[in-house]
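*Asks:* Here is a sequence with its predicted model. Questions after.
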Amino acid sequence: MGTKNTVLFNEHVKLNALMAPFAGWNMPIHYGSIIEEAKHTRSACTVFDICHMGEFYVTDDPAKPSLDAAITNPVAKMKNLTCRYGFLLNANGTVIDDLIAYRMADDRWMIVVNASNIDRDAGAISSKLSKEAAFENVSERTAKLDVQGPQSLAVMKRLVGDSIKKLKYFTFDTFDFLGGKYIISRTGYTGELGFEVYTDAAKAPELWNWFLKQPGVKPAGLGARDILRLEAGLPLYGDELTGETTPLDAGMEKFLDFEKDFTGREALLKQKKSGVARTLTGLLAEGRRQPRHLNKIVKDGREAGFVTSGVFSPHLNKAIAFAYVDRGMAIDGTELTVVLEKGETKAVVTTPPFIKNTSIKYREE
């Protein structure tokens, strides 16, 4: 277990966090109440420990980067200091991982990937790069804290000043704080206004404690994060995105750049022509009993799909879920039945996001 894996562990223990293993890490699930942490994020500001994510640096030819062959993001077309969501795919078009690419300079990118896939992603990406390109895995020495909620802008102003207001959605820059120069992006996984802060792993406890000293800021764990991302209609690798699903199955064609060549492109073009059999959609249950991963979905006595993830939404006071359903049933208002471990529950197809009136877009000044 490396330094980064344990750098904030003691800080979570001090807060009596419930810890659980995840991808070789001990991660905070909650600090008291998952529901209250989710509510606080939508009403004020929370800070999440996301140090488990992986980060790579790629230096490549700016005119024709070989990185373009590895991922679906149009990296050659990106403007400097912008971020793009995309995928790393197998040759058959299914998902190895989802990721965000940051264009740091004309010839330099940062790729942020999921914790459970760091080694596999590093191999898949580096194997596609030209001999002239350079690849560096900086995951172990990079820490990441997410500051999310309608009051997050005010908190970030106190950290770096009014210059933080220049960041538009899915852009980033470097800022001076904690005696260094570090990346802050206006991104997140909650559907609220938020920022992701990258710093040296050794600086993580100092930054974590600084945030928690700010008025109105509370910590939140992975339990609240799961509620928030599902309410916002954001998929999760391992649930909605897997080695058995393609971005087209998930309805995410807009994150594919078919004008360039990338691993999995030909398979996806064939699927695009033939059409998907089942597609990802949202379900709004009739009560509080939440559908669970792989619960079967039926319609008129016939199996029609399966649940990928589900939670109780404290903001809707109902259970919500993501599910893959037969293409013809992915129509808002379609009534389906979810077979639970005990009994069943009725649900209605609802296109995500489930929570639409959030703070994610603030007035640009």
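*Replies:* Done, it's in.

*Asks:* same question for the helix or strand hosting Lys157, mean pLDDT?
*Replies:* Element membership for Lys157 (DSSP states H and E) is helix 152-160. Across helix 152-160, the average pLDDT comes to 98.

*Asks:* Flag every buried residue along the next helix or strand after it.
*Replies:* Sequence order places strand 172-177 as the next helix or strand after helix 152-160, per DSSP H and E. Neighbour counts over strand 172-177 (16 or more other Cβ atoms under 10 Å) mark 172-173, 175, 177 as buried. Where C-beta positions appear, they are placed from N, C-alpha and C, glycine not excepted.

*Asks:* in the stretch 51-200 of the chain, which spans are strands?
*Replies:* Assigned by DSSP state E, counting those that start in this stretch, the strands in the stretch 51-200 of the chain fall at 54-59, 83-89, 95-105, 108-113, 134-137, 142-148, 172-177, 180-185, 194-200.

*Asks:* quick one: contacts of the fourth one?
*Replies:* Residues outside strand 108-113 that contact it (Cβ atoms under 8 Å, 6 or more residues apart in numbering): 53-60, 65, 67, 71, 75, 78, 88, 97, 99-104, 121, 125, 144, 183.

*Asks:* looking at it, Phe255 is touching Tyr85, isn't it?
*Replies:* Yes: with contact defined as Cβ atoms under 8 Å, Phe255 counts as touching Tyr85 (5.6 Å).

*Asks:* residues shared between the contacts of those two?
*Replies:* With Cβ under 8 Å, 6+ apart, Phe255 and Tyr85 have common neighbours Asn73.

*Asks:* Would you quantify the distance from the closest residue in space to Ala105 that isn't next to it in sequence to Leu167?
*Replies:* Nearest residue to Ala105, sequence neighbours excluded (Cβ to Cβ, 6 or more residues apart in numbering): Asn80, at 6.2 Å. Asn80 sits 14 Å away from Leu167, going by Cβ to Cβ, to the nearest Å.

*Asks:* neighbour count winner among the two?
*Replies:* Higher neighbour count among Asn80 and Leu167: Leu167, with 20 against 14, using other Cβ atoms under 10 Å.

*Asks:* confidence score at the closest residue to the more buried one other than its chain neighbours?
*Replies:* Closest residue in space to Leu167, ignoring its immediate chain neighbours: Arg186 at 4.1 Å, by Cβ to Cβ, 6+ apart. Looking at Arg186, its pLDDT is 98.

*Asks:* could we number from 892 for the rest of this?
*Replies:* All right, first residue 892 from here; so that's Arg1077.

*Asks:* Arg1077 reaches Phe1066, doesn't it?
*Replies:* No: between Arg1077 and Phe1066 there is no contact under Cβ under 8 Å: 11.8 Å.

*Asks:* Domain boundaries for the chain, per the record?
*Replies:* Taking automatic domain parsing as the reference, the chain has its domains at 892-1167, 1168-1240.

*Asks:* Now the last one: average pLDDT?
*Replies:* Read it as domain 1168-1240. On average, domain 1168-1240 scores 96.

*Asks:* Just the endpoints, please. Distance across it?
*Replies:* Start-to-end span of domain 1168-1240 (Cα to Cα, to the nearest Å) is 17 Å.

*Asks:* Pipe the strands of the stretch 942-1091 of the chain into CSV and attach distance to Gln1105 per row.
*Replies:* As requested, these are exported to CSV (distance: least, Cβ to Cβ, whole Å):
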stretch, distance to Gln1105
strand 945-950, 25
strand 974-980, 25
strand 986-996, 26
strand 999-1004, 25
strand 1025-1028, 32
strand 1033-1039, 9
strand 1063-1068, 13
strand 1071-1076, 15
strand 1085-1091, 13
